[in-house]
Structures are given as C-alpha cells and as structure tokens.
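**Student:** no sequence on this one, just coordinates:
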C-alpha cells in the first residue's frame, strides 16, 4: 500500500470508499467507552466565574514619592550629601515600594521591598539597551524583599506581579547620577 500523502485524489477517494465498505465498526460498548474517555467536561457556572476572575488583572501605575538623587529642600547636614546608593520610594495601590540601587564592581545591584498587604509575587525587570534586551525575573521572599544583581547601566522597566494585581513602576535609571 502506498503512503496516503503520495496518492492522487481519485486513488485516495477509492481507498476511503473501500475502508467504509470493508471495515466493520467497533462494538458499541467500546465506542461508548472511547467517547466517554474523551468527552469534554462542561465547567459549572462557579468554575467559569472563578476562571474569569483569575484572568482579570488589575494594573496600577506607581508614583515616585522620593528619590535620594533629586535635590530636596528638607534634608540637612550629612543627610543632604549624595551617596553612591540611590534610594527610591514609590507608592501604588496601598503599597510602598522601597528600592535601593548601589554599585557592585562593574555592575549595579537593585534591592527592594514591597511594603503593604502581604502577598507573594514576582518582580520582572527589563531593559532595552543598544540592540540587546535583558530581562530579570525574581520572586519576592516572605518579607516582600527581592534582590537583582549584575545590572548594567540603563533605563529599566519594572513590573511587580502580586496576586491579581500588577504594579508598574515608571522607568528606573540605573547608573551614575546626573550632575
């Protein structure tokens, strides 16, 4: 017998006709058993509602509340000096996001903590550089803290996924301060 792919349309139609004429159906009990094994289970209304609710994500854009490298009039004395570590504080959806960017050898380290309702989650940090895109993903620990090391200088986009909520931070510049 030739492979079906190499048959002409007429030869294929002849083979189908012969199969229908000569081959017998499986016993009815086996047909029912096979259909039952592959029957599609119809979800209950409650299951459909839960699936729809899980698919909905609330997206909140964070607002920068404080940046240690911006000139501020309230700090005095030693606190007014600019250090190597940049401290950023964002507010979004009843949470505060505390970020620290510090130099580490030839790269930078970003450490942060989500302050607010306790939820587990993930942090995604991405950068579109000179023809190279880098993405870093890490989980929050039990205290809502995270650390991403080995970052290169650049403009990063950060999204925090917490339960059914996504918190998007404005672009974060990683690198030396602008004089």
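**Tutor:** Okay, I see it. Quick caveat: nothing in here was measured; it's all calculated off a predicted structure.
**Student:** you'd agree residue 96 is up against residue 117?
**Tutor:** No. Under the criterion of Cβ atoms under 8 Å, residue 96 makes no contact with residue 117, lying 11.2 Å away. For every residue, glycine as well, the C-beta is placed using N, CA and C.
**Student:** The two: which is more packed in?
**Tutor:** Regarding residue 96 and residue 117, a neighbour count based on other Cβ atoms under 10 Å identifies residue 96 as having more, with 15 against 12.
**Student:** my guess is residue 88 meets residue 102, correct?
**Tutor:** No. Between residue 88 and residue 102 there is no contact, the gap being 11.9 Å when judged by Cβ under 8 Å.
**Student:** Compare those two (neighbour count), which wins?
**Tutor:** Relative neighbour count places residue 88 above the other of residue 88 and residue 102, with 23 against 13, counting by other Cβ under 10 Å.
**Student:** Find the nearest non-adjacent residue to the more buried one, please.
**Tutor:** Closest residue to residue 88 in three dimensions, ignoring its sequence neighbours and counting by Cβ to Cβ, 6 or more residues apart in numbering: residue 99, at 4.3 Å.
**Student:** give me the number of residues near that neighbour?
**Tutor:** Other residues lying near residue 99 total 19 when counted by other Cβ under 10 Å.
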